[in-house]
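Q: Got a sequence here, can you model it:
(one chain, ligands or ions: 1)
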Amino acid sequence: MTKLLDNQVAIITGAGRGIGAAAAHLFAEHGAKVVVCDLDAGPAEETAAAIRSAGGEAMVVVGDVTDPAFPEEIMSKTIAAYGKLNILVNNAGYTWDGMLHKMSDRQFQAMLDVHNLAPFRLIRAAAPHMREVAKAEKAAGKTPEPRCIINISSTSGVNGNIGQANYSTAKSGIIGLTKTVAKEWGPFGIRCNAIAFGYIDTRLTRDQESGEKIVVAGEEVQLGIPGHMKGMITMLIPLGRAGTPAEAAGAILLMASPLASYITGQMLMVTGGLNT
Ligand SMILES: NC(=O)c1ccc[n+]([C@@H]2O[C@H](COP(=O)([O-])OP(=O)(O)OC[C@H]3O[C@@H](n4cnc5c(N)ncnc54)[C@H](O)[C@@H]3O)[C@@H](O)[C@H]2O)c1
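A: As a prediction, the model looks like this:
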């Protein structure tokens with residue numbers, strides 16, 4: 001298969017597990033040097049080790065994307081190791097569900113922090129390495145290298161979802177940020193798109209009863225969805241099943257690849273056909 005990302009450098013946040021890990025593997029298969037970022041060191045190291053043992057290139061930066069110092073840290077480590085940045089995938093995230101009338105300010109704000117504020121800060125920190133470099137290339141009469149940003153949204157942000165007032169608000173917000181970046185950075189050849197996933201089989205969508213939790217800033221948050229709802233959701237999906245992380249990664253690669261060179265400011269729904 002033709003390598004779609006040869007000689008490109010990509011940062012993927014939340015690449016220790018799930019969709020981000022699958023995207024890291026696929027990007028590396030397609031020739032990208034991948035900066036694997038995650039809150040959890042063990043899973044991040046596993047992703048990078050698997051990429052290296054398959055002959056690819058990867059480095060790990062462990063940290064919390066909501067830490068205000070983290071964006072500068074990951075940018076400087078990326079530039080020190082690989083000298084440039086072509087692709088930023090804002091994928092790190094989680095859910096902290098609850099019905100609106102019982103939701104705390106903290107629970108609401110946590111979703112804005114991880115799904116909106118962190119991507120905003122990461123894009124701003126990427127500006128010297130993407131926008132400014134592209135501007136200089138253009139001024140020198142060169143064709144800018146391929147550069148793009150992909151923000152991960154959700155059908156909850158497009159359609160709303162019971163129990164997810166916080167997550168839906170944030171996943172909707174990232175679409176506005178995407179469209180703005182596409183307008184501001186388009187003149188420099190930098191594309192920015194969002195992908196709204198539906199039901200992808202990761203720990204975010206496994207049975208709540210299995211007890212998967214995430215610990216962020218000392219807070220333990222229950223992940224997953226109630227087991228009894230799974231069958232109902234699957235029945236509503238025209239393709240009749242959840243998507244796999246590899247299929248989700250395929251959509252991210254598509255948007256990052258030269259095949260999408262004239263696509264920007266878009267929100268691609270990847271849902272198996274369930275669009276309500
Ligand atoms: N699974 C789905 O059905 C689905 C649907 C729509 C959108 N999404 C979105 O896709 C993205 C990936 O989710 P997933 O399903 O692969 O979940 P996942 O839990 O399998 O993977 C997410 C990774 O992000 C990391 N992470 C979370 N918070 C972080 C932080 N503050 N800093 C750094 N890393 C952090 C986690 O440690 C984890 O390794 C998320 O933004 C999620 O909201 C998922």
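Q: Relative to Tyr94, how far out is the closest residue to the ligand within the chain?
A: For the chain, the residue closest to the ligand is Gly18, as judged by C-beta to the nearest ligand atom, at 2.3 Å. C-betas here are computed from N, CA, C, even on glycine. As for Gly18, its distance to Tyr94 is 10 Å (criterion: C-beta to C-beta, to the nearest Å).
Q: the more surrounded of those two?
A: Set Gly18 next to Tyr94 and count neighbours by other C-beta atoms under 10 Å: Gly18 wins out with 21 against 18.
Q: pLDDT weak spots in the stretch 1-150 of the chain?
A: By pLDDT under 70, the low-scoring segments of the stretch 1-150 of the chain are 1.
Q: which residues of it fall in helices?
A: Remark: helices assigned in the stretch 1-150 of the chain by DSSP state H, counting those that start in this stretch are 18-29, 41-53, 70-82, 105-112, 118-126, 131-139.
Q: Now for Ser104, how many residues are close by?
A: Using other C-beta under 10 Å, Ser104 has 11 neighbouring residues.
Q: correction: Glu57
A: Per other C-beta under 10 Å, the neighbour tally for Glu57 reads 16.
Q: Quick one: residues contacting it.
A: Under the criterion of C-beta atoms under 8 Å, 6 or more residues apart in numbering, the contact list for Glu57 reads 28, 33-34, 51.
Q: same check, this time on Gly163
A: Applying C-beta under 8 Å, 6+ apart to Gly163 gives the contacts 97-99.
Q: Which member of those residues is positioned nearest Ile200?
A: Ile200 has its nearest neighbour among the contacts of Gly163 in Asp97, at 16.4 Å by C-beta to C-beta.
Q: Hmm, that closest one is touching Ser168, no?
A: No. Using C-beta atoms under 8 Å, Asp97 makes no contact with Ser168, being 10.4 Å away.
Q: Could you show which parts of the protein are in contact with the ligand?
A: Within reach of the ligand by C-beta under 6 Å from any ligand atom, the chain has these residues: 13-14, 16-20, 38-40, 43, 64-66, 91-94, 114, 152, 154, 197, 199-200, 202-205, 216.
Q: Could you provide the helices of the stretch 1-150 of the chain in JSON lines, with additional columns for distance to Glu247?
A: Shown next, in JSON lines, are the helices of the stretch 1-150 of the chain (distance: least, C-beta to C-beta, whole Å):
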{"stretch": "helix 18-29", "distance to Glu247": "8"}
{"stretch": "helix 41-53", "distance to Glu247": "18"}
{"stretch": "helix 70-82", "distance to Glu247": "27"}
{"stretch": "helix 105-112", "distance to Glu247": "25"}
{"stretch": "helix 118-126", "distance to Glu247": "23"}
{"stretch": "helix 131-139", "distance to Glu247": "31"}
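Q: longest helix anywhere in the chain?
A: The longest helix of the chain (DSSP state H) is helix 165-185.
Q: Just the buried positions in that helix, please.
A: Using 16 or more other C-beta atoms under 10 Å as the test for burial, helix 165-185 gives 165-175, 177-179, 181-182, 185.
Q: Following element in sequence after that helix, please.
A: Counting by DSSP states H and E, the next helix or strand C-terminal to helix 165-185 is strand 190-197.
Q: After that next one, which helix or strand is next? Please name it.
A: Going down the chain from strand 190-197, the next helix or strand is strand 213-216, by DSSP H and E.
Q: Partner strands of that next one, with direction?
A: strand 219-222 (antiparallel) (DSSP bridges).
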